[in-house]
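Give me the fold of what follows.
(chains A and B)
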Amino acid sequence: AQKVTQAQTEISVVEKEDVTLDCVYETRDTTYYLFWYKQPPSGELVFLIRRNSFDEQNEISGRYSWNFQKSTSSFNFTITASQVVDSAVYFCALSGWGASGSRLTFGEGTQLTVNP
Amino acid sequence: EAQVTQNPRYLITVTGKKLTVTCSQNMNHEYMSWYRQDPGLGLRQIYYSMNVEVTDKGDVPEGYKVSRKEKRNFPLILESPSPNQTSLYFCASKATTSGRRETQYFGPGTRLLVL
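Residues are numbered from 1 along each chain as shown, chains lettered A, B, ... in the order given. All right, here's what the predicted structure looks like:
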């Protein structure tokens, strides 16, 4: 069975601070995908990133970066110089490979509040 | 514009009154799915469909029905809603043919309150 754990239920930071959201996953699949989604107060789910299990290169996109460590089954998300607009719930998710592995298993989410 | 649409976006109903939440995608995706989001539980899959006329249960299917008569539409049916089905519902779709992106795209969500 697949499982995703986001141990941080809520995080509060002051604007311009760096913040890291933790994600730990469990799967028996040898190939899989990992995702991060953002849910702003308006409620929609916004896709942020997808990583393949065979590609452990870290990725940076502007102020966002992701650290994938297969050895520790972690896929952490860092926001550098946080801004008030980053306030949202962030979900980490896991899926299998190919059509049969399409189901997404989500973590419980981390509520990030960035205060001015 | 590529998108997943859901209707209605907000719905208040009473126990036992049948309702349908529609979901439509314009990306010719094979895979479609319904999730519900509840505080502290993240999103959990209700039903999914691999293609037309192919549907299967997810993690929390009790109290729900679905159908997939056309590729673009995947309605969620609550035959006899109960208060424990009060939730935020998301429809999602994904391409499954080889070479296409393995990302699920979500609709805007439907907030349902069952009194």
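
does A:Arg50 have beta-bridge partners, and which?
For A:Arg50, the beta-bridge partners are A:Phe35 (DSSP bridges).

what's the spacing between the spatially most central residue of chain B and B:Ser49?
When CA atoms, centre = their mean is applied to chain B, the residue found nearest the centroid is B:Trp34 (2.8 Å). Per CB to CB, to the nearest Å, B:Trp34 is found 9 Å from B:Ser49. C-beta: built from backbone N, CA, C; applies to glycine.

Can you list phi and psi of the residue nearest to the centre of chain B for me?
Main-chain dihedrals, B:Trp34, degrees, to the nearest 10: phi -120, psi 140.

what is the rounded mean pLDDT of the longest strand along chain B?
Ranked by residue count, the top strand of chain B under DSSP state E comes out as strand B:42-51. For strand B:42-51, mean pLDDT rounds to 93.

which secondary structure elements does it contact?
For strand B:42-51, the elements it packs on are strand A:88-95, strand A:105-106, strand B:31-38, strand B:54-57, strand B:65-66, judged by 3 or more CB pairs under 8 Å, 6 or more residues apart in numbering or on different chains; DSSP states H and E.

what separates the second one from the chain centre, distance-wise?
On the basis of CA atoms, centre = their mean, to the nearest Å, strand A:105-106 is displaced by 11 Å from the centre of the chain it belongs to.

on that earlier part again, how close does the closest residue to the residue nearest to the centre of chain B other than its chain neighbours get to B:Arg111?
Distances taken as CB to CB, 6 or more residues apart in numbering or on different chains place B:Ile46 nearest to B:Trp34, at 4.3 Å, with adjacent residues excluded. Going from B:Ile46 to B:Arg111 by CB to CB gives 15 Å.

Report the contact partners of A:Thr72.
Listed by CB atoms under 8 Å, 6 or more residues apart in numbering or on different chains, the contact partners of A:Thr72 are A:Val24.

how far away is it from A:Phe106?
Going from A:Thr72 to A:Phe106 by CB to CB gives 20 Å.

Out of the helices and strands packed on strand B:42-51, which gets nearest to B:Gln85?
Among the helices and strands packed on strand B:42-51, strand B:31-38 comes nearest to B:Gln85, with 8.0 Å by CB to CB.

just how off-centre is that closest one within its chain?
Per CA atoms, centre = their mean, the displacement of strand B:31-38 from the mean C-alpha position of its chain is 5 Å.

before we move on, what about stretch B:105-115?
Remark: stretch B:105-115 is offset 9 Å from the chain centroid, using CA atoms, centre = their mean.

Comparing B:Ile46 and B:Arg111, which residue is more hemmed in?
Between B:Ile46 and B:Arg111, counted using other CB atoms under 10 Å in any protein chain shown, the more crowded position is B:Ile46 (25 against 15).

So which residues on chain B come close to chain A?
B:30-31, B:33, B:35, B:40-45, B:48, B:50, B:58, B:88, B:90, B:92, B:94, B:96, B:101-106, B:108-109, B:111 (CB under 8 Å from any CB of the partner chain).
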